[in-house]
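**Student:** Predicted model, plus sequence, below.
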Amino acid sequence: MDKPVLSDSTRFPTDKVVYSHLGKRKALWDAAFECIAKDYPELRKEWRYYNDGKSWLMKVTRKTKTIFWLAVFEGGFRTTCYFSDKASQDIEASSISEKLKQQFGEGKRYGKIRGISITFGKQKDINDLKTLIDIKLRLK
């Protein structure tokens, strides 16, 4: 995985700072967040610095439920959604790529959860994220 670049705890990741690292993926970033704002207006974004990973991460939530985490790296960004086993059937039946389904099926467990990470490179990645958000919002 690419190493996150927002590692200076004293430098808040403003849009200008984030854009300076995204390069040609800025258009994909803008499209993803326009889609999220339009389709999921209840979601909230919050940047936090995490000492364990020595990096700023964006936490996207609905009320107290974390929907996904986002990391910025040089030339792009990645989201990760965590699911328990009860999401297995929904994930398997979904339209996300077989690669992402396999990632979940074979993924490392963190207690009772496993993650699905999307490294954004094309428009379809936004659709996959929307599908994962929908699954996450349906689960209790």
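**Tutor:** Alright, I've got the coordinates.
**Student:** Please, where are all the helices along the chain?
**Tutor:** With helices called from DSSP state H, the chain shows them at 15-22, 26-39, 88-93, 98-106, 124-138.
**Student:** Mind putting the ones you listed into TSV with mean neighbour count and distance to Thr61?
**Tutor:** Quick note: C-beta positions are derived from backbone N, CA and C, even for glycine. Shown next, in TSV, are the helices of the chain (neighbours: other CB atoms under 10 Å; distance: least, CB to CB, whole Å):
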stretch	mean neighbour count	distance to Thr61
helix 15-22	15	19
helix 26-39	14	12
helix 88-93	14	20
helix 98-106	13	21
helix 124-138	18	10
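**Student:** Any figure for the gap between the closest residue to Asp85 other than its chain neighbours and Lys86?
**Tutor:** If the residues on either side of it in the chain are set aside, Asp85 comes closest to Lys112, at 7.1 Å by CB to CB, 6 or more residues apart in numbering. Distance of Lys112 to Lys86, computed by CB to CB, to the nearest Å: 9 Å.
**Student:** can you tell me which residues contact the residue nearest to the spatial centre of the chain?
**Tutor:** The chain has Thr79 as the residue nearest its centroid, 2.0 Å off, counting by CA atoms, centre = their mean. By CB atoms under 8 Å, 6 or more residues apart in numbering, the residues touching Thr79 are Phe68, Trp69, Leu70, Ser117, Ile118, Phe120, Leu129.
**Student:** What is the most widely separated pair among these?
**Tutor:** Comparing all pairs in the contacts of Thr79 by CB to CB, the longest separation belongs to Trp69 and Phe120, at 13.7 Å.
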